[in-house]
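> Quick one: sequence plus predicted model below, questions after.
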There are 2 protein chains.
Amino acid sequence: MSGTQDLPVVLIHRLPAFNLLFKSRFYTHFTLLNPPLDSPDSIHSFLSLHAASIRALIAVGPTPVNSHTLDLLPALEIVVCSSAGIDHVDLCECRRRGVLVTNAGNAFSEDVADYSVALLIDVLRRVSAGNRFVRAGLWSQHGSYPLGSKLGGKRVGIVGLGSIGSEVAKRLAAFGCSIAYTSRKKKSAVSYPFYENVHDLAIDSNVLIVCCALTDQTRHMIDKEVMTALGKEGVIVNVGRGALIDEKELVQSLLRGEVGGAGLDVYENEPYVSEELFTLDNVVLSLHLSVMTPESFEALQDVLIGNLLAFFSNKPLLSPVQLD
Amino acid sequence: MSGTQDLPVVLIHRLPAFNLLFKSRFYTHFTLLNPPLDSPDSIHSFLSLHAASIRALIAVGPTPVNSHTLDLLPALEIVVCSSAGIDHVDLCECRRRGVLVTNAGNAFSEDVADYSVALLIDVLRRVSAGNRFVRAGLWSQHGSYPLGSKLGGKRVGIVGLGSIGSEVAKRLAAFGCSIAYTSRKKKSAVSYPFYENVHDLAIDSNVLIVCCALTDQTRHMIDKEVMTALGKEGVIVNVGRGALIDEKELVQSLLRGEVGGAGLDVYENEPYVSEELFTLDNVVLSLHLSVMTPESFEALQDVLIGNLLAFFSNKPLLSPVQLD
């Protein structure tokens, strides 16, 4: 007889504000442990009961996985993340302890790419601003409205040509944009011009789409100098992580008209968004929802299950994160 | 000696609310006559002076060209329209009098296509609604936000596969949508499935992009039955003309949740927009600005000049409108 007690045990590790609705197919493969979240004490007593048997953990959203987390779980062998970006995981500490890490792989790439295109056209063509104008009943009072700017012909610099960046490039090429990119290294499989650094890319671009991983090397890579290089007609779209941009500088540059516009899905200090931006029509503000579709979450469950099944049967992981 | 008096004369015909900034290259080819717009009387006395010499007219935006206009201009031979849609021109009357008509050709097609894609992603992924949510300071108060719907995989029905519709199809294919269309006749040059009528197209579509010409045959073609066929998850984007949709029915269907959402750039009674729509998050409202970029207007001037030069030198017109 096979009961749920025979299924591999997986710990759900999550902040109270972040949850995942695990589909039934999850429960046919794993026993999910959901610690009570009412207080640190109750989590600790839960873990003291189960920690010795926990080899796998699902880190939900931006829930931190740090040395403290790892101390509590001495038997842990794998951290399966539900996000594409894994800046909330202490990768050095995982490597040191021999703990594997996986991310969401390509589960979100198409949705994030779609969203970044929508943010870009919105900023260039004033879609949200126009919507606001109509809803305020202003159309019949004011005959004219400022012109937008055409997407076709724009030189788009993609910051990080991973799976999201590649999907962005494919879409924007269909609009007649020219594509260039910067990335940790040149990709031999693509013909888009490669730039060694984001500053040089910005000089030659009308638009930057920021969709790389947040690491110590990429933190604040879009700084004052890059904004100046992009210029006062330039548009920045960020669907990566807030801290890829020096947000304080960006806000000032936007307020002073030194950058042409911005479409932002992510921020340095979410859910805090600088209220100074609320007055600007050339800024589109979103709430970290570029991945938020049922289709993405379906694809995510497949990636999570796939990685866990591979781990428990000693097969190659679907979306391992390189720890070196 | 060649002075401006030798240049062909072209009358600017416009409603006070609609104007075009004619580029200097216009004035190297033509003498533009700009009637005073302060009163019908002053227009009439202006025309009584000039009408006999006016062979060509530029109709700006939706300025009507009807039998009354044509009566005033007995020497008129061509109406050069600054818009893609020409529902404001009485084509029967032009044909009867042997007056040629041209439209904006492809000048706006890419910008309108871009805008229709932005409206579609906005409705599906709640971009403007999210922007509004953030600007209202609600993100930090409310943890969760409704999911959007993925663009990829959507079955998109294009209503009118002319130059705009073709550009829409090219773009949405890059997002992984499947494309089908209805049009006056099947296009042999494309492989997208063709539907004889919009009702059958709606049955098989998740999205309708409406971008055909407004004629007696297409007025209110998106009626209650088509909306029902599209279904309550279906999205309608209109970048054609307001009257292609039975707007009263659309508003009711949206309010009752019988249609999934709408992205509207045009309305039956512009600039009037039904205020009942202002409360809906699944509706994106724009103000007939899908063509509004400096790039479009540059391209438009080329088309206007090209048509006028062709007319005055008896060469084939660039973008003639079929009058039969």
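Yes, it's here. Numbers count the residues shown, from 1 in each chain, chains lettered A, B, ... in the order given.

> Tell me how chain A divides into domains.
Listed domain ranges for chain A are A:4-107+A:293-312, A:109-285 (source: automatic domain parsing).

> Out of the ones you listed, which is the most enclosed?
By mean neighbour count, with neighbours taken as mean count of other C-beta atoms under 10 Å in any protein chain shown, domain A:109-285 ranks first of the domains of chain A at a mean of 20. For glycine as for every other residue, the C-beta is placed from the backbone atoms N, C-alpha and C.

> Quick check: mean pLDDT of that one?
The average pLDDT within domain A:109-285 is 97.

> so how far is that domain off the chain centroid?
Centre-to-centre, domain A:109-285 and its host chain are 14 Å apart (C-alpha atoms, centre = their mean, to the nearest Å).

> Quick check: end-to-end length of it?
From its first residue to its last, domain A:109-285 covers 20 Å (C-alpha to C-alpha, to the nearest Å).

> any bit of stretch A:117-136 sitting next to chain B?
Yes. Using C-beta under 8 Å from any C-beta of the partner chain as the criterion, contacts between stretch A:117-136 and chain B involve A:117-119, A:121-122, A:125-128, A:130-135.

> and the residues you listed, which of them are in helices?
A:117-119, A:121-122, A:125, A:127-128, A:130-135 (DSSP state H).

> Near chain B, which residues of the stretch 151-300 of chain A are found?
A:151-153, A:170-171, A:173-176, A:270-273, A:275, A:278, A:284-287, A:289-290, A:292-297.

> Ok, the stretch 1-150 of chain A next?
A:17, A:110-111, A:114-115, A:117-119, A:121-122, A:125-128, A:130-135, A:137, A:139-140, A:143, A:145, A:147-150.

> can you pull out the helices in chain A?
Using DSSP H, helices in chain A cover A:24-27, A:40-50, A:67-72, A:91-97, A:109-125, A:127-135, A:163-174, A:198-203, A:224-230, A:247-255, A:294-312.

> Reformat those into TSV and put distance to B:Ala262 next to each item.
Listed next are the helices of chain A as TSV, based on distance: least, C-beta to C-beta, whole Å:
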stretch	distance to B:Ala262
helix A:24-27	35
helix A:40-50	46
helix A:67-72	46
helix A:91-97	45
helix A:109-125	16
helix A:127-135	12
helix A:163-174	23
helix A:198-203	37
helix A:224-230	35
helix A:247-255	31
helix A:294-312	21
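
> B:Asn238 is nearest to which of these?
Ranking these by their distance to B:Asn238 (criterion: C-beta to C-beta) puts helix A:127-135 first, at 13.8 Å.

> tell me what the closest one is packed against?
Packed against helix A:127-135, as judged by 3 or more C-beta pairs under 8 Å, 6 or more residues apart in numbering or on different chains; DSSP states H and E, are the following elements: helix B:109-125, helix B:127-135, strand B:283-285.

> quick one, what contacts the nearest residue to A:Met227 once chain neighbours are set aside?
Among residues not flanking A:Met227 along the chain, A:Ser253 sits closest, at 4.9 Å (C-beta to C-beta, 6 or more residues apart in numbering or on different chains). Shown in contact with A:Ser253 (C-beta atoms under 8 Å, 6 or more residues apart in numbering or on different chains): A:Lys224, A:Met227, A:Val259.

> Let me have those in JSON lines, extended by distance to A:Asp41.
As requested, the contacts of A:Ser253 are exported to JSON lines (distance: C-beta to C-beta, whole Å):
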{"residue": "A:Lys224", "distance to A:Asp41": "45"}
{"residue": "A:Met227", "distance to A:Asp41": "46"}
{"residue": "A:Val259", "distance to A:Asp41": "47"}
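
> Please tell me I have it right and A:Ile121 contacts B:Leu119.
No. The pair A:Ile121 and B:Leu119 does not pass the contact test of C-beta atoms under 8 Å, sitting 9.2 Å apart.

> Tell me the residues that contact both of these two, please.
Listed contacts common to A:Ile121 and B:Leu119 are A:Val127; contacts here mean C-beta under 8 Å, 6+ apart.

> Next, A:Ser39: phi, psi?
Per-residue torsions, A:Ser39: phi -160, psi 160 (degrees, to the nearest 10).

> got a pLDDT number for it?
78.

> residue contacts, the closest residue to A:Leu285 other than its chain neighbours?
Excluding the flanking residues, the one nearest A:Leu285 by C-beta to C-beta, 6+ apart is B:Val134, at 4.1 Å. B:Val134 makes contact with A:Val273, A:Leu285, A:Ser286, A:Leu287 under the criterion C-beta under 8 Å, 6+ apart.

> try 10 Å this time
A:264, A:267, A:271, A:273, A:277-278, A:284-287, A:289, B:140, B:145 (C-beta atoms under 10 Å, 6 or more residues apart in numbering or on different chains).

> same question, A:Lys232
A:Ser253, A:Arg256, A:Gly257, A:Glu258, A:Val259, A:Gly260.

> Please report the distance of it from chain B.
16 Å (C-beta to the nearest C-beta, to the nearest Å).

> Then A:Asn282?
Separation of A:Asn282 from chain B (C-beta to the nearest C-beta): 12 Å.

> Contact partners for the residue lying closest to that residue once chain neighbours are set aside?
Once flanking residues are discounted, A:Asn282 sits nearest to A:Gly261: 3.7 Å by C-beta to C-beta, 6+ apart. Shown in contact with A:Gly261 (C-beta under 10 Å, 6+ apart): A:119-120, A:122-124, A:126, A:129, A:149, A:207, A:233-237, A:254, A:280-284.

> Beta-bridge partners for A:Leu208, please?
Beta bridges link A:Leu208 to A:Gly157, A:Ile236, judged by DSSP bridges.

> What distance do you get for it to A:Glu249?
Separation of A:Leu208 from A:Glu249 (C-beta to C-beta, to the nearest Å): 14 Å.

> residues shared between the contacts of these two?
A:Ile222, A:Val226, A:Met227, A:Val259.

> wait, which of those residues is closest to A:Ser67?
Nearest member of those to A:Ser67, counting by C-beta to C-beta, is A:Ile222, at 29.5 Å.

> List the contacts of A:Arg241.
A:62, A:83-85, A:87-88, A:210-215, A:218-219, A:265-268, A:270, A:288.

> how about 7 Å then?
A:Gly85, A:Asp87, A:Leu214, A:Val266 (C-beta atoms under 7 Å, 6 or more residues apart in numbering or on different chains).

> Could you do A:Pro146 as well?
Here A:Pro146 is in contact with A:Arg126 (C-beta under 7 Å, 6+ apart).

> any residues touching stretch A:273-289, and which ones?
If you take C-beta under 7 Å, 6+ apart as the criterion, stretch A:273-289 is touched by A:119, A:122-123, A:126, A:128-129, A:251, A:254-255, A:260-267, A:270-271, B:127, B:130-131, B:133-135, B:139, B:145, B:148.
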